[in-house]
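**Student:** Here is a sequence with its predicted model. Questions after.
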Amino acid sequence: MSIITKLGKKSQIVIPKEIRDNIGITEGDELIIDVLYDKIIIRVKPKNYTKKLRGLHKEVWEGIDPLEYVHNERESW
């Protein structure tokens, strides 16, 4: 989705309502701004990083018994 907006008098931008609603941000939410070459990347700062990362890459562990895995790793030392 691309929407054009203008830079305001105080170098501020307005995130259009359609985008705010789409990603679920409201007034007071914190945003992370990164610069990558000529791009500005704006991301929502998670309220809780633990909840945000929970389940990340869980597909890597499908079919693997975690206790057996740890046991085998320890035995390899």
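**Tutor:** In hand now; what should we look at?
**Student:** List the contacts of the worst-scoring helix or strand of the chain on mean pLDDT.
**Tutor:** Of all helical and strand segments in the chain, the minimum by mean pLDDT, DSSP states H and E falls on helix 49-53, at a mean of 86. Residues from elsewhere that reach helix 49-53 (CB atoms under 8 Å, 6 or more residues apart in numbering): Pro46. No exception for glycine: its C-beta is placed from N, CA and C like everyone else's.
**Student:** Against which helices or strands is the following helix or strand past that helix packed?
**Tutor:** Once helix 49-53 ends, the next helix or strand along the chain (criterion: DSSP states H and E) is helix 66-75. Judged by 3 or more CB pairs under 8 Å, 6 or more residues apart in numbering; DSSP states H and E, helix 66-75 is in contact with no other helix or strand.
**Student:** Can I get helix 66-75 as CSV, trimmed to CA atoms?
**Tutor:** Once non-C-alpha atoms are left out, helix 66-75 reads as follows in CSV (Å, rounded to 0.1, in the frame of the first residue of the first chain):
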residue,chain,number,x,y,z
PRO,A,66,13.2,-30.6,23.1
LEU,A,67,14.3,-32.8,26.1
GLU,A,68,15.9,-35.3,23.7
TYR,A,69,17.6,-32.5,21.8
VAL,A,70,19.1,-30.9,25.0
HIS,A,71,20.2,-34.3,26.2
ASN,A,72,22.0,-35.0,22.9
GLU,A,73,23.6,-31.6,22.9
ARG,A,74,24.9,-32.1,26.4
GLU,A,75,26.2,-35.5,25.5
